[in-house]
Structure formats: structure tokens, C-alpha cells
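>>> Okay, structure incoming, though there's no sequence with it:
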């Protein structure tokens, strides 16, 4: 069965469980001041497009695109259940976010990620993201990498 990426509400039990799994993973890697996670209420705001990845109808991944208000978008809460890795779910989520950003007329996608996530960094670089300085309300953090991909 294929992986299906779709826009869905974040407030559903399987998504909440996935977000809790993501939170625990990030807390094991970084101190709280270096984790910039959006909670479910922030994911429900109108400027946020939230996507799930389903495999055999189970939610196994998620990602959000936040319109920043300056013509760019930020990728937040991208996470794939470790048991479902290897199915190209991260690639499919990123492709969907980029398609959504283009449809919204955004000029760039940005993200903040941690330095201790080599798989995520490799995926972002393979998708054309390059390192840049902090953006928005982020401050320089030795545990963070800031990346951007120009769309037009």
C-alpha cells in the first residue's frame, strides 16, 4: 500500500501520539531552550497547513507549513515514526510542503533543525536547502541549524 499525504487537522489521537513521540525524541537530544516545537493549538491556527502521512491508514508522519507573513513559509513539526522510516515518507512530506508553498505563492521555505539529526539534515540538503542565519524570532544557537530553499 502506498503512503498517502493529506491535509488533516492536527487534533486527533494518532497525531497527538506522534507529536508526543516527537517531543520525547527532541527532549532526549536537546535542552528545552533549544527545542522550538509548536503545540497542537499553534498547529490549528489559520496560517498553518498541517499534513499527515498515512501508511495502511495509520498516521506515521506529519509536517506543518507555517506562513510567516513575509512571503516565506517555515517547516515545523516534521516527524516520521521510526518504525516507518525507509518508506520515503520524509521525502513525500517535503515534496508536499514545497508544492503547497508554491501554490501559496511563497518565495522560500525555511526551517530550524538540530545539529544531532544527520538523517534530517541529509534529507533537507538533498531537497536543495542551504544553511543560513537565524530568521524570524530565532536566536543564534550552537545546537541549531537554520536552512532555506528559494522557490522563485
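Happy to help now that I have it. None of these values were measured; they are calculated from a predicted model. Residues are numbered from 1 along each chain as shown.
>>> Tell me where this structure has helices.
For the chain, the helices defined by DSSP state H occupy 13-29, 40-43, 89-103, 118-126.
>>> need those helices in TSV with mean pLDDT, can you?
Converted to TSV, the helices of the chain look like this (pLDDT from 0 to 100):
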stretch	mean pLDDT
helix 13-29	96
helix 40-43	97
helix 89-103	97
helix 118-126	95
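>>> Okay, residue 65 and residue 51: tell me how far apart.
8 Å (C-beta to C-beta, to the nearest Å). For the C-beta atoms, the positions are set from N, CA and C on the backbone; glycine is no exception.
>>> Neighbour count for the two, which is higher?
Taking neighbours as other C-beta atoms under 10 Å, residue 65 and residue 51 compare with residue 65 leading, 26 against 21.
>>> ok so, going back, what's the closest of the helices of the chain to residue 152?
helix 89-103 (7.9 Å; C-beta to C-beta).
>>> List the buried residues of the closest one.
Across helix 89-103, burial judged by 16 or more other C-beta atoms under 10 Å covers 89-90, 92-94, 96-98, 100-101.
>>> Remind me what it packs against, helices and strands.
For helix 89-103, the packing partners by 3 or more C-beta pairs under 8 Å, 6 or more residues apart in numbering; DSSP states H and E come out as strand 3-7, strand 48-55, strand 58-67, strand 72-80, strand 108-114, helix 118-126.
>>> between these, which one is nearest to residue 28?
Nearest of the helices and strands packed on helix 89-103 (C-beta to C-beta): strand 108-114, 11.0 Å.
>>> what about that closest one, average pLDDT?
On average, the pLDDT along strand 108-114 is 97.
>>> Also compute the angle for that strand relative to strand 58-67, please.
120 degrees (axes from the mean of the first three to the mean of the last three C-alpha atoms, to 10 degrees).
>>> I'd like to check the angle between strand 108-114 and helix 13-29, please.
Interaxial angle of strand 108-114 relative to helix 13-29 (the same axes, to 10 degrees): 60 degrees.
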